[in-house]
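Undergrad: 3D model of this:
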Amino acid sequence: MSLLVGIVAGCASRPAFERTEFITLEATGYCKCQECCGWKRNLLMQPVYASGPQKGERKKIGVTASGTKAEPGTIAADTNVFPFGTRMKVPGYGWGTVEDRGGAIKGGKIDLFFKSHKEALEWGRQTITVEVERP
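TA: Below you'll find the model as predicted:
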């Protein structure tokens, strides 16, 4: 009986999504390194933003724009197109959630987080059709 209650409660707590659609877009890979994320070190060897409105300010490495820790399954997107919380099923990558954004990620582009720069480079740049569940 308690197992059934746990299953029902688990299903009920899943956020509702408005609709599912299939969209063809460009997907690239990224990791938390300087090259992928555009940060640099200042004279004190602290990581800082390299450009943009926060140029020169301290940067927390591996923290997304939504404040979560970047990990496999983290997707960066243009949040005007795919708001935070949008789920995507990417062939060859799996399910992920939009939790980050990037300066070069505009319109129909996404960036998929990988643990290493090597993995991100191996993914490269692909045009693929993804399943999108919008919040």
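Undergrad: Report the beta-bridge partners for V63.
TA: Beta-bridge pairing of V63 under DSSP bridges involves K69.
Undergrad: please begin residue numbering at 36 from this point
TA: In the new numbering, first residue 36, that becomes V98.
Undergrad: Just confirm it contacts K104, I think it does.
TA: Yes - using C-beta atoms under 8 Å, V98 is in contact with K104, at 6.4 Å. From N, CA and C alone the C-beta is placed, and that goes for glycine too.
Undergrad: For G64, which three-state class applies?
TA: strand (DSSP: H, G, I helix; E, B strand; the rest coil).
Undergrad: Who does it form a beta bridge with?
TA: In this structure, G64 bridges to L147 when assessed by DSSP bridges.
Undergrad: what's the neighbour count on it?
TA: When neighbours are defined as other C-beta atoms under 10 Å, G64 has 21 of them.
Undergrad: contacting residues for it?
TA: Residues in contact with G64, defined by C-beta atoms under 8 Å, 6 or more residues apart in numbering, are 146-149, 154-159.
Undergrad: can you list those residues in CSV and add pLDDT and distance to E70?
TA: Below are those laid out as CSV (pLDDT from 0 to 100; distance: C-beta to C-beta, whole Å):
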residue, pLDDT, distance to E70
D146, 96, 13
L147, 97, 16
F148, 95, 14
F149, 96, 13
E154, 96, 14
A155, 94, 9
L156, 94, 10
E157, 96, 15
W158, 96, 14
G159, 94, 14
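Undergrad: Dead centre of the chain: give me the residue that sits there.
TA: Averaging the C-alpha coordinates of the chain gives a centre point, and the residue nearest to it by C-alpha atoms, centre = their mean is I110 (1.7 Å).
Undergrad: gap between the residue nearest to that residue when sequence neighbours are not counted and A85?
TA: Here the nearest residue to I110 in space, its sequence neighbours aside, is G131; by C-beta to C-beta, 6 or more residues apart in numbering that works out to 4.3 Å. Separation of G131 from A85 (C-beta to C-beta, to the nearest Å): 25 Å.
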